[in-house]
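> Turn this into a structure:
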Amino acid sequence: MPLFDLLRENATPLLAYQIFVSVFAFYSLVNAATDWFAFRRPVAVAGGERLPSVSVLIPARNEEPVIAACVASLQAQDYPGTLEIIVLDDRSDDDTGLIVAALAATDSRVRLLSGGELLPGWKGKPNALRQMAAAATGDILLLTDADCVFYPGAVAGAAALRETMNADVLSLMPHLSCGSFWEHVIVPLQYVLVFATLPIRNVWASKNPAFAAANGAFILVSAKTYSDLGGHEPVKAEMAEDIRFAQHTKRQGRKLVYADGSTTYSVRMYHGLRETWDGFSKNVFSAMGNSVAVVAVWSGFLLLTQVFPFAFLAAALASGDRSTAGFWLPLCHVAIAIGIRAALTYRFRQAWWAVLTHPVGWLLVITIAWNSAYLAISGRGHSWKGRTYTSAETPR
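Sure thing, here's the model as predicted:
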């Protein structure tokens, strides 16, 4: 009997669903394997090679616990060219400015700027980058965050990779440092999202802005290109300004490269469940185009492909079901999901025990996405660093 007739005669809603998940599981496996080799890492720069001057731009609002480590890691860079470190104290309520001022007093490469008013219609980070870019003197701008720590050779390696790949804009994914239980459960899923869904080569090889990716903690761009792109003004009202900046870059016909910076720098995005919840809630809805429909489709897709297979497998083990649709296909789906997570745990130096929390992490991510949508639609706004941004784009 032909295979098509066999499937048609034995088709059930459950089997149809499992075949749908199988298609995605196979795609994610192939995509992850392809991305493994396409996701390039910066390499050490040969001695004697001269690179363009770089201005590192660090927006800092209430960053007292982390700013010293960030600046110190940049001061320790052995960069074969001029390196300027600009920190903008964005009206902090803590000692951020005093800490940077003390560092600047002993190192002429460090400059401290005092943040001006938050312009109407601007979010905090784009507004801070606007001010620093106007004061920068480097040929290349490195847009970063105050909670980043840069490894030796980081800036030189990234600058060389940008030239090697002839990139107009280079962004690097960091090593995601986690401390608490819930950070380990949620934060590393960012790696899975990229490797399971995004053909990384298309970021630079395709002109389609749908294949755009960036991490706002590390964006390397020439000062001229940044100016030609309009700086951050085109994305001034976005909470997920890094993704929107990447999409804008591609729409302008510029070459965007997204690469593996896990051996270049590290960042601990959030501390504990509360901060992780608030941090992701502030930008997930923006990253999804401020669309409830997109959140609904995305949430349903994650439930079908990343959560339900584990539930089906658990039910089959409990009931003794060994049917194709009830047991064997879910087993394959779980094996692929866990296999990809384990491989990425190895590559990005994450906690092995967190692999077993895979479906729980996705359930929390889905809940966070809906919370992000609720905060925007209800008018409560997204809060971060002592500011609350409403849908009217005005901080309060």
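> from here on, contacts and neighbour counts on C-alpha atoms
Noted.
> Quick check: which ranges of the chain have low pLDDT?
Along the chain, the parts satisfying pLDDT under 70 run over 1-11, 46-48, 381-396.
> cutoff 50 now
1, 3, 6, 392-396 (pLDDT under 50).
> what does the domain assignment say about it?
As assigned by automatic domain parsing, the chain contains the domains 3-36+290-389, 54-287.
> Buried residues in stretch 313-332, which are they?
Neighbour-count burial for stretch 313-332 flags 313-314, 316, 325-332 (criterion: 16 or more other C-alpha atoms under 10 Å).
> Okay, and which of those map to helices?
Counting by DSSP state H, the part of these found in helices is 313-314, 316, 329-332.
> which residues in the stretch 151-300 of the chain form helices?
154-164, 181-186, 189-197, 201-205, 223-228, 241-251, 272-287, 292-302 (DSSP state H, counting those that start in this stretch).
> buried ones in the second one?
Okay, so that is helix 181-186. 182-186.
> Next, format those as TSV and append distance to R254.
Listed next are the buried residues of helix 181-186 as TSV, based on distance: C-alpha to C-alpha, whole Å:
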residue	distance to R254
W182	38
E183	35
H184	35
V185	36
I186	33
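> wouldn't F348 be in contact with H175 here?
Yes - in terms of C-alpha atoms under 8 Å, F348 counts as a neighbour of H175; the distance is 6.3 Å.
> now stretch 171-188: how far from the chain's centre is it?
10 Å (C-alpha atoms, centre = their mean, to the nearest Å).
> nope, stretch 192-208 is what I meant
That offset, for stretch 192-208, works out to 13 Å (C-alpha atoms, centre = their mean).
> in that stretch, what counts as buried?
192, 194-204, 207.
> buried residues in the helix or strand containing A101?
Using DSSP states H and E, A101 sits in helix 96-106. Of the residues in helix 96-106, 96-97, 99-101, 103-104 count as buried by neighbour count, 16+ other C-alpha under 10 Å.
> How about stretch 335-354?
So stretch 335-354, judged by 16+ other C-alpha under 10 Å, has buried residues 336-338, 340-345, 348, 350-351, 354.
> from what I can see Q18 touches L331, true?
No - counting by C-alpha under 8 Å, no contact exists between Q18 and L331, whose distance comes to 10.7 Å.
> leaving aside the residues next to it on the chain, what's closest to S281?
S372 (4.4 Å; C-alpha to C-alpha, 6 or more residues apart in numbering).
> quick one on the thing from earlier: reformat the buried residues of stretch 192-208 into a markdown table and put distance to S108 next to each item.
Converted to a markdown table, these look like this (distance: C-alpha to C-alpha, whole Å):
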| residue | distance to S108 |
| --- | --- |
| V192 | 41 |
| V194 | 39 |
| F195 | 41 |
| A196 | 45 |
| T197 | 44 |
| L198 | 42 |
| P199 | 43 |
| I200 | 39 |
| R201 | 40 |
| N202 | 41 |
| V203 | 37 |
| W204 | 37 |
| K207 | 41 |
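> and the two most separated of those residues?
Farthest pair in those (C-alpha to C-alpha) is V192 and K207. Separation: 23.7 Å.
> Give me the common contacts of F348 and H175.
S262 (C-alpha atoms under 8 Å, 6 or more residues apart in numbering).
> remind me, longest helix of this structure?
Assigned via DSSP H, the chain shows its longest helix as helix 13-38.
> Quick one: residues in contact with the helix or strand that comes right after it.
Following helix 13-38 in sequence order, the next helix or strand is strand 54-60 (DSSP H and E). Residues outside strand 54-60 that contact it (C-alpha under 8 Å, 6+ apart): 67, 81-90, 92, 96, 125, 128-129, 132-133, 136-146.
> Which of these fall in strands?
83-89, 140-144 (DSSP state E).
> could you check the distance from the residue found closest to L119 once you drop the neighbours it is linked to in the chain over to A369?
Take L119 and drop its neighbours on the chain: the residue closest to it by C-alpha to C-alpha, 6+ apart is N127, 7.1 Å away. Computed with C-alpha to C-alpha, to the nearest Å, the distance linking N127 and A369 is 25 Å.
> about what we covered before: wait, which of the buried residues of stretch 313-332 is closest to P52?
When those are compared for distance to P52 (C-alpha to C-alpha), C332 wins out at 49.9 Å.
> So in this protein, which strand runs the longest?
From DSSP E, the single longest strand across the chain is strand 256-267.
> quick one: buried residues of it?
256-267.
> got it, and stretch 162-174?
For stretch 162-174, by 16+ other C-alpha under 10 Å, it's 162, 167-174.
> count of neighbours near the spatially closest residue to A217 that is not a sequence neighbour?
Closest residue to A217 in three dimensions, ignoring its sequence neighbours and counting by C-alpha to C-alpha, 6+ apart: T144, at 4.3 Å. As a burial measure, T144 scores 19 neighbours (other C-alpha atoms under 10 Å).
> any idea how far T144 lies from L103?
T144 is 18 Å from L103, by C-alpha to C-alpha.
> show me the residues around G231 that make contact.
R130 are the contacts of G231 under C-alpha under 8 Å, 6+ apart.
> meant to ask about L331, not that
L331 sits in contact with 309, 313, where contact means C-alpha under 8 Å, 6+ apart.
> Do I have it right that T249 meets L229?
Yes - the pair T249 and L229 qualifies as a contact (C-alpha under 8 Å) at a distance of 7.0 Å.
> And the two? Which one has more around it.
More crowded of T249 and L229, by other C-alpha under 10 Å: T249, with 20 against 16.
> Now for the more buried one: which residues touch it?
With C-alpha under 8 Å, 6+ apart, T249 has these contacts: 169, 229, 255-256.
> now swap in L189 and tell me
361-362 are the contacts of L189 under C-alpha under 8 Å, 6+ apart.
> Try it again at 7 Å.
Listed by C-alpha atoms under 7 Å, 6 or more residues apart in numbering, L189 has no contact partners.
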